[in-house]
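In: Kindly generate the corresponding structure for this input.
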Amino acid sequence: MKKGIYDILKGKFLINEDAFKNWRFILFAALLALIMIASSHRAEKKVHEIARLSAEVKELRSEYIDLHKSLMVLKMESQIAKHMVYREVFPSETPPVKIKVKNE
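Out: So this is what the prediction gives:
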């Protein structure tokens, strides 16, 4: 057991006659490690992109609500009447009359 650990620490498993199998496994493990690192970087990049887009959506939603509120204020009848005073257009004093057409 002690000799096996010393052989591993000294690297003898890389230079003995079965070293080709060991090198293949080491290269395979290194390739898997590189793939795993690349995958985690890509996932992290997507997480940051999602966070940025979520913040942008919140900002745009807030802007939409503010603009919608100001539009609703501008559409009120009192606001329209106030703006039309400058053009000398006033609301009618008499309410509209419904016209009924009789079918013959």
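In: contacts, neighbours, all on C-alpha from now
Out: OK.
In: Which helix runs longest in this structure?
Out: Counting residues, the longest helix in the chain under DSSP state H turns out to be helix 19-74.
In: so after that helix, what's the next helix or strand?
Out: helix 77-84 (DSSP states H and E).
In: Between helix 19-74 and that next one, find me the angle.
Out: Calculated by axes from the mean of the first three to the mean of the last three Cα atoms, to 10 degrees, helix 77-84 forms an angle of 70 degrees with helix 19-74.
In: who touches helix 77-84?
Out: With contact meaning Cα atoms under 8 Å, 6 or more residues apart in numbering, helix 77-84 is reached by 73-74, 90-91.
In: Just the CA coordinates for that helix, please, in PDB.
Out: What follows is helix 77-84, C-alpha atoms only, in PDB (Å, rounded to 0.1, in the frame of the first residue of the first chain):
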ATOM      1  CA  GLU A  77     -63.000  65.500 -19.800                       C
ATOM      2  CA  SER A  78     -62.000  68.300 -17.500                       C
ATOM      3  CA  GLN A  79     -58.400  68.300 -18.900                       C
ATOM      4  CA  ILE A  80     -59.800  68.400 -22.500                       C
ATOM      5  CA  ALA A  81     -62.100  71.300 -21.600                       C
ATOM      6  CA  LYS A  82     -59.200  73.200 -20.000                       C
ATOM      7  CA  HIS A  83     -57.000  72.800 -23.100                       C
ATOM      8  CA  MET A  84     -59.900  73.800 -25.500                       C
END
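In: What is the burial count for Asp20?
Out: You called it Asp, but residue 20 is Phe. Residues near Phe20, counting by other Cα atoms under 10 Å, number 13.
In: same thing with Ile15?
Out: Around Ile15 there are 11 residues (other Cα under 10 Å).
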